[in-house]
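J.: Here you go, sequence then predicted model.
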Amino acid sequence: MRVKTRMAPSPTGNLHLGTAFATLWPFVLAKKGSGGEFVLRIEDTDRGRSTKEYEENIINGLKWLGFEWDEGPFHQMDRLKLYQEVTDKLISEDKAYFCFCTKEELEQERENQAKAHLPQVYSGKCRNLTIKEVEAKKKEGIPFVVRFKLPEDRGVVEYEDLIHHTVKFDSALLGDMVIMRQNGIPLYNFAVVVDDWDMKITQVIRGDDHISNTPKQILFFEALGATPPQYAHYPMILNQDRQGKLSKRTGSTSVEEYKKDGYLPESLINYLALLGWTHPEGKEIFDIAELIEKFDIKDMNSSASAWNQQKLDWINGEYIRKLSDEELTERLQDFLVDHPAREKIAPVVPLIKERIKKLSDFIPLTDFLFGKPEYEKVIFEQVVGDKKAQLPMFLSEIKSTLEKASRPWSAQDFERSFRELAEKLGLNTTQMFQLIRITISGKSVTPPLFESIQLLGEEETIKRVEIANNLF
RNA sequence: GCCGCCAUCGUCUAGUGGCUUAGGACAUCGGAUUCUCAUUCCGAAAAUCACGGGUUCAAAUCCCGUUGGCGGUACCA
């Protein structure tokens, strides 16, 4: 059978890492088989919280991550007619009914049940209203909803979860669920079933927060006279401290933030994959194509894993180092739209490739190459320790050594003459080179010295030594 | 409260009854390379397999219970 999966985000917030995670699995499952299809469906029936902006953010983010869909995006709000037709059909078949209970009544009911340590289930008060009674209440203008009539004696609803084992629920604990609001907008569980049925979805793979929705949805499929799809529920990603599902509490969860921070889409995908699935050979670095090739739903985790920023950073570093210099240059240029000298990024790339974990690390590491350094006397003093009184002399010696050197400066001569100078001045080589480093950059950590100086040029380098010298 | 899901180093995991003195990865610590920082390489520390009972000649692995974490219990999705 041809596989058809779907991802159904609700546009009630920006693209969340959890949503990206939720998109990965149905996407991979669809791409796995030949001719599989992946559908994007926007579940926008929560009118209070859904916005067009969130939807755009989600769609753009999914595209940035590399996801493509074969159908959609569909919108549930465009499909109200269908939900209404199905609802009418269920009513006419006596599988659903009108309910006129007020919010207060229902709350009272639940409260009483809680006090009696009973499961909180709708009493079915409006279940047996006659047609006449219904008409009369409607005429009076009493607000109503449509409830699903839970088949009596349905007993235990059971299904084979592709990730868990057999999952069983007692349908008696479900009660008669509301499926349609008075305003004609359906409720989540009902709309999902109508859509999955209408769109002929074969596999539903989603977070395990939906496990308890599944028996309800199966019951709806049964009422429709349809076979439910196969279900697979993966665990939710937990916060770094394992307290609760991934939320803003312990760090950013917005995909856009990660993009702005300089994470590569492919490393995000790789890390997300690691959180839900284990490569059969235990590999940790693999691209989406390999994931699709090796994917088997049986290798998905059944226990929840916690978000780990350090591991993501490591993976991102791995991917940066795997890029060619040309490719990394392009990525940096796209990333650093406001950079003062984007055309000068290319020659710097080989120097920083092994030194950055995120694209944003480029800036602090290289800004001295593109603008004047800011000096702090203490940093110089820390290098030479108790010889700090001699700093002016050290700096002018450095300057004259540079001026004496034959041009263009060569790495070999440079290294040799400064090792000699270090010895002459009673400094060790580390101190010598650190002093030069700080002089040209204002920092104690930079890319390799001689290559940096080459990029700066001889004149600029000597100028910086002069400026530094004037500090003392 | 009721219903459900889950439970191996700090974190992610391997492990499907004997091959396990529980293996790997990230992070941590030490060492080598080195002009700094990284990279790379080598090494160390880190899990009484949540707890308590069973089953078995043998259990991290099977069963039951407990505890803990998480989720659901809406005219949210």
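T.: Everything's here; your move.
J.: At which residues are the helices of the stretch 1-150 of chain A located?
T.: For the stretch 1-150 of chain A, helices defined by DSSP state H, counting those that start in this stretch occupy the ranges A:17-32, A:52-65, A:80-92, A:103-115, A:131-140.
J.: what's the fourth one in contact with?
T.: Counting contacts by Cβ atoms under 8 Å, 6 or more residues apart in numbering, the residues outside helix A:103-115 that touch it are A:119, A:120, A:121, A:122, A:123, A:125. All C-beta atoms are positioned from the backbone trio N, CA, C, and that covers glycine.
J.: in chain A, which spans are strands?
T.: Listed in chain order, the strands of chain A (DSSP state E) span A:4-7, A:37-42, A:71-75, A:96-99, A:145-148, A:156-160, A:166-170, A:178-180, A:203-207, A:230-234.
J.: So which elements touch the shortest one?
T.: For strand A:178-180, the packing partners by 3 or more Cβ pairs under 8 Å, 6 or more residues apart in numbering; DSSP states H and E come out as helix A:80-92, strand A:96-99, strand A:145-148, helix A:188-198.
J.: And the average pLDDT for stretch A:422-431 is what?
T.: For stretch A:422-431, the mean per-residue pLDDT is 89.
J.: can you tell if it touches RNA strand B?
T.: Yes. Stretch A:422-431 reaches RNA strand B (Cβ under 7 Å from any atom of the strand) through A:429, A:430.
J.: From one end of that stretch to the other, what's the distance?
T.: Terminal residues of stretch A:422-431 are spaced 8 Å apart (Cα to Cα, to the nearest Å).
J.: Let me see the domain layout of chain A.
T.: When chain A is parsed with automatic domain parsing, its domains come out as A:4-74+A:188-234, A:82-180, A:323-370, A:377-470.
J.: Put together TSV for those, with distance to residue A:245 and mean neighbour count on each row.
T.: Formatted as TSV, the domains of chain A follow (distance: least, Cβ to Cβ, whole Å; neighbours: other Cβ atoms under 10 Å):
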stretch	distance to residue A:245	mean neighbour count
domain A:4-74+A:188-234	7	19
domain A:82-180	17	15
domain A:323-370	25	16
domain A:377-470	38	16
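J.: hang on, residue A:18 packs against residue A:253?
T.: Yes. Using Cβ atoms under 8 Å, residue A:18 is in contact with residue A:253, at 7.0 Å.
J.: Who are the contact partners of residue A:233?
T.: By Cβ under 8 Å, 6+ apart, the neighbours of residue A:233 are A:161, A:163, A:164, A:205, A:206, A:207, A:208, A:210, A:211, A:214.
J.: Which pLDDT value belongs to the spatially closest residue to it that is not a sequence neighbour?
T.: In this structure, residue A:233 finds its nearest non-sequential neighbour in residue A:208, 4.1 Å apart by Cβ to Cβ, 6 or more residues apart in numbering. Residue A:208 carries a pLDDT score of 92 in this model.
J.: what's the answer for residue A:469, then?
T.: 86.
J.: Then residue A:441?
T.: At residue A:441, the pLDDT value in this model is 94.
J.: Switch the contacts of helix A:103-115 over to JSON lines; also include distance to residue A:418 and pLDDT.
T.: Shown next, in JSON lines, are the contacts of helix A:103-115 (distance: Cβ to Cβ, whole Å; pLDDT from 0 to 100):
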{"residue": "A:119", "distance to residue A:418": "80", "pLDDT": "80"}
{"residue": "A:120", "distance to residue A:418": "79", "pLDDT": "84"}
{"residue": "A:121", "distance to residue A:418": "82", "pLDDT": "87"}
{"residue": "A:122", "distance to residue A:418": "84", "pLDDT": "90"}
{"residue": "A:123", "distance to residue A:418": "88", "pLDDT": "88"}
{"residue": "A:125", "distance to residue A:418": "91", "pLDDT": "89"}
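J.: Of those, which are in range of RNA strand B?
T.: A:119, A:120.
J.: quick one: which of the contacts of helix A:103-115 is nearest residue A:187?
T.: Within the contacts of helix A:103-115, the smallest distance to residue A:187 is 13.2 Å, found for residue A:122 (Cβ to Cβ).
J.: how much space between the nearest residue to the closest one once chain neighbours are set aside and RNA strand B?
T.: Once flanking residues are discounted, residue A:122 sits nearest to residue A:175: 4.1 Å by Cβ to Cβ, 6+ apart. Distance from residue A:175 to RNA strand B, counting by Cβ to the nearest atom of the strand, to the nearest Å: 8 Å.
J.: same deal with residue A:307?
T.: Distance from residue A:307 to RNA strand B, by Cβ to the nearest atom of the strand: 8 Å.
J.: what does residue A:448 give?
T.: 4 Å.
J.: can I assume that residue is in contact with residue A:353?
T.: No. Using Cβ under 8 Å, residue A:448 is not in contact with residue A:353; the gap is 11.9 Å.
J.: Looking at the contacts of helix A:103-115, spot the one nearest residue A:360.
T.: residue A:120 (49.0 Å).
J.: Which one, of the domains of chain A, ends up nearest to residue A:289?
T.: Using Cβ to Cβ, these put domain A:4-74+A:188-234 closest to residue A:289, at 9.1 Å.
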